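Chemist: only geometry, no sequence info:
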């Protein structure tokens, strides 16, 4: 009755699925129950917990941009499953509220950054051109975009030019070409009083040359006072990538680390989605969820989804959490963890096993080498491969950890790891 389900609805479902009324009434209720928890890659939860300060800070930045005050770009870093993508998706909604033009770029090996940033810049010019009085402003930035695309993304056929004209647009310097795009876009943005924000997710997958050019282009645009910024997100290694590429990147960006939720933040992530369905959690159940998930947002969504789906009462207790824990771990093992593990080659897996064998993480590269009975130099290539694949990241000098929370526990549950331990 609380969920607006009548006996008529139940009878209709019983007929549809040809099931016995007395045996399956609870199963039918579970079938039609709306689940308020949404685990997924960047899926927006019904309640975003623990990010109020980050959202407030960006609101202030956007307010400053709209009145012409120079601002620093933002970089968010954190492990998998902490909600980086959820956060920047929310910030994009806020950008709309402030009339800031924005576009979302996700870096992937198959999606070239140059083609994506060029398309985003063209989108901005298309928006500008809808107003007759601004149409004369798009020629200069459009020429810069054309040069960038022709020079560094020749397979793109957006711009058709003759061979003779092509020579006029060709450039061998990516930094110069991208800087011209940013500066001309920024100049236009200032004239039309529309700030621009590029949201870039998975920055750690950017090629070093392209990352360096992006930093230089943004730096020059900021020096000229144009209203263009970047809000980026990625794994923890992006700090080192940025500083290695350009020393001044530390002054160009404001860095924010996104981590697991506190007990109180976790409580809100657990309770708020269920409130509108009149479902409560006991304090013991909440503490149990936080203990199992370590406060990682994705894990909280996944565990609560399973518990909610399998529990048909108004108060969820710690016994319900315990009952569903194995199902939660199996779900993670067959999806979230397995997806990362299957990217590993055989040599990668042994490196991962050796990391887990260290016992405490982060671990030193020398301890990993010791567990593999090899010298450090011989495993440096594997280390680099795993970093590039986003499986591990350097924490401190010569120390390593997994980019996925609780990944060591998953490895310890694998038969393959147990067999490796026996044979080593």
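Modeler: Yep, that arrived. All of these numbers come straight from a predicted model, not from anything done at the bench.
Chemist: make it CA atoms for all contacts and neighbour counts henceforth
Modeler: Fine.
Chemist: Tell me the bridge partners for residue 101.
Modeler: residue 196 (DSSP bridges).
Chemist: For it, grab the count of nearby residues.
Modeler: The tally of other residues near residue 101 (other C-alpha atoms under 10 Å) stands at 19.
Chemist: Quick check: pLDDT value at it.
Modeler: On pLDDT, residue 101 comes in at 98.
Chemist: Residue 256 versus residue 239, what's the distance?
Modeler: Remark: distance between residue 239 and residue 256 (C-alpha to C-alpha, to the nearest Å) = 10 Å.
Chemist: Please say which of the two ends up with more neighbours.
Modeler: Higher neighbour count among residue 239 and residue 256: residue 239, with 17 against 13, using other C-alpha under 10 Å.
Chemist: Need the pLDDT of that one.
Modeler: 90.
Chemist: Kindly report the same for the one 5 residues further on.
Modeler: Looking at residue 244, its pLDDT reads 88.
Chemist: Quick check: it vs residue 152, distance?
Modeler: 23 Å.
Chemist: between these two, who's got more neighbours?
Modeler: A side-by-side neighbour count of residue 244 and residue 152, using other C-alpha under 10 Å, places residue 152 first with 17 against 13.
Chemist: Can you tell me how far that one is from residue 170?
Modeler: 9 Å.
Chemist: can you check residue 276 too?
Modeler: 59 Å.
Chemist: what's the answer for residue 247, then?
Modeler: For residue 247, the distance to residue 170 - C-alpha to C-alpha - is 29 Å.
Chemist: Lowest-scoring secondary structure element of this structure by mean pLDDT?
Modeler: Among the helical and strand segments of the chain, the one scoring lowest on mean pLDDT, DSSP states H and E is helix 21-32, with a mean of 52.
Chemist: Quick check: next helix or strand after that helix?
Modeler: helix 52-66 (DSSP states H and E).
Chemist: Residues touching that next one, excluding its own?
Modeler: 70-71, 91, 94-95, 98, 100, 193-195, 227 (C-alpha atoms under 8 Å, 6 or more residues apart in numbering).
Chemist: For the longest helix along the chain, give the mean pLDDT please.
Modeler: Counting by DSSP state H, the longest helix found in the chain is helix 174-192. Averaged across helix 174-192, pLDDT comes to 97.
Chemist: And stretch 346-360, by the same measure?
Modeler: 97.
Chemist: What residues sit buried inside that stretch?
Modeler: 348-357 (16 or more other C-alpha atoms under 10 Å).
Chemist: which residues does residue 263 contact?
Modeler: 287, 290, 295.
Chemist: hmm, back to that, what does the longest helix of the chain rub up against?
Modeler: 121, 128, 134, 137-138, 140-141, 144-145, 147-148, 152, 171, 195-196, 210, 212-214, 216-218, 220-221, 226-228.
Chemist: got the angle between that helix and helix 52-66?
Modeler: Per axes from the mean of the first three to the mean of the last three C-alpha atoms, to 10 degrees, the angle that helix 174-192 makes with helix 52-66 is 70 degrees.
Chemist: chain center to helix 174-192, what's the gap?
Modeler: 27 Å (C-alpha atoms, centre = their mean, to the nearest Å).
Chemist: List the buried residues for that helix?
Modeler: So helix 174-192, judged by 16+ other C-alpha under 10 Å, has buried residues 174-175, 177-190.
Chemist: Same check on stretch 148-159?
Modeler: Quick answer for stretch 148-159 (16+ other C-alpha under 10 Å): 148-152.
Chemist: circling back: which one of residue 247 and residue 170 is surrounded by more residues?
Modeler: Ranked by neighbour count (other C-alpha under 10 Å), residue 247 and residue 170 place residue 170 first, with 16 against 10.
Chemist: which residues touch residue 273?
Modeler: Taking C-alpha under 8 Å, 6+ apart, one finds 36-37, 46-47 in contact with residue 273.
Chemist: Now that we have those residues, which of them are buried?
Modeler: Buried among the contacts of residue 273 (16+ other C-alpha under 10 Å): 36-37.
Chemist: Out of the contacts of residue 273, which is nearest to residue 384?
Modeler: residue 37 (36.4 Å; C-alpha to C-alpha).
Chemist: Got phi/psi on the closest one?
Modeler: Per-residue torsions, residue 37: phi -100, psi 140 (degrees, to the nearest 10).
Chemist: List the contacts of it.
Modeler: Counting by C-alpha under 8 Å, 6+ apart, residue 37 has contacts 45-46, 273, 301-302, 304-305.
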